[in-house]
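J.: Model the following, please.
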Amino acid sequence: MCREMRGNNTFGFAKRENSRRCSVAARYLDGLTGTGLVLPTVPTDAEQVWHLFVVRTPRRDELRAALADAGIETGVHYPLAAHRQPVFAGLGIDPGSLPVSERLQHEVLSLPIGPHLTDEQVDHVVDRIRAFDA
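T.: Here you go, the predicted structure:
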């Protein structure tokens, strides 16, 4: 899932932070397997540094509210599909013409991720999601 960073890395903190992000992502993937969430995947020929950890669920808003009630901050990146952004209004793309994008704009949820998270904090997020999913 995460490979050792290669090359001359004069920024040792980046290596450590990316390594920690990988550990957090692995903990999420392990803990959230079997829930109703669609979890991120990484192609075998790719390296991931887990800037975001985005899951999908048709119950996104309900889950987000439940996590907020538990003191867990989440994010919704790109709450409006790219083709629906005002900058693209002049392209004439009709609503409904890209149904997958329009569905996903209501399902994506970014969980907390970063080198600052402890295993206990990650486990708390997992526990709250599992309780919601039950």
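J.: Need the residue closest to the centroid of this structure.
T.: Among the residues of the chain, residue 54 comes closest to the average C-alpha position under C-alpha atoms, centre = their mean, at 1.6 Å.
J.: measure the nearest residue to residue 130 once chain neighbours are set aside to residue 46 for me?
T.: On the basis of C-beta to C-beta, 6 or more residues apart in numbering, the spatially nearest residue to residue 130 that is not a chain neighbour turns out to be residue 35, at 6.3 Å. From N, CA and C alone the C-beta is placed, and that goes for glycine too. Between residue 35 and residue 46 the distance is 24 Å, computed by C-beta to C-beta, to the nearest Å.
J.: one step back: which element is the residue nearest to the centre of the chain on?
T.: Assessed by DSSP states H and E, residue 54 sits inside strand 53-56.
J.: List the buried residues for the helix or strand just after that strand?
T.: Reading on from strand 53-56 to the C-terminus, the next helix or strand found by DSSP H and E is helix 60-69. Of the residues in helix 60-69, 60, 63, 64, 66, 67 count as buried by neighbour count, 16 or more other C-beta atoms under 10 Å.
J.: who does the lengthiest helix in the chain touch, helix- and strand-wise?
T.: Secondary structure of the chain read by DSSP state H shows that its longest helix is helix 12-32. For helix 12-32, the packing partners by 3 or more C-beta pairs under 8 Å, 6 or more residues apart in numbering; DSSP states H and E come out as strand 53-56, helix 119-133.
J.: What lies in contact with it?
T.: Outside of helix 12-32, the residues that reach it under the criterion C-beta atoms under 8 Å, 6 or more residues apart in numbering are 1-2, 5, 9, 39-40, 48-51, 53, 55, 111, 113-115, 117, 119, 122-123, 125-126, 129-130.
J.: Then residue 106 would be within a helix, right?
T.: No: with DSSP: H, G, I helix; E, B strand; the rest coil as the criterion, residue 106 is located in coil rather than a helix.
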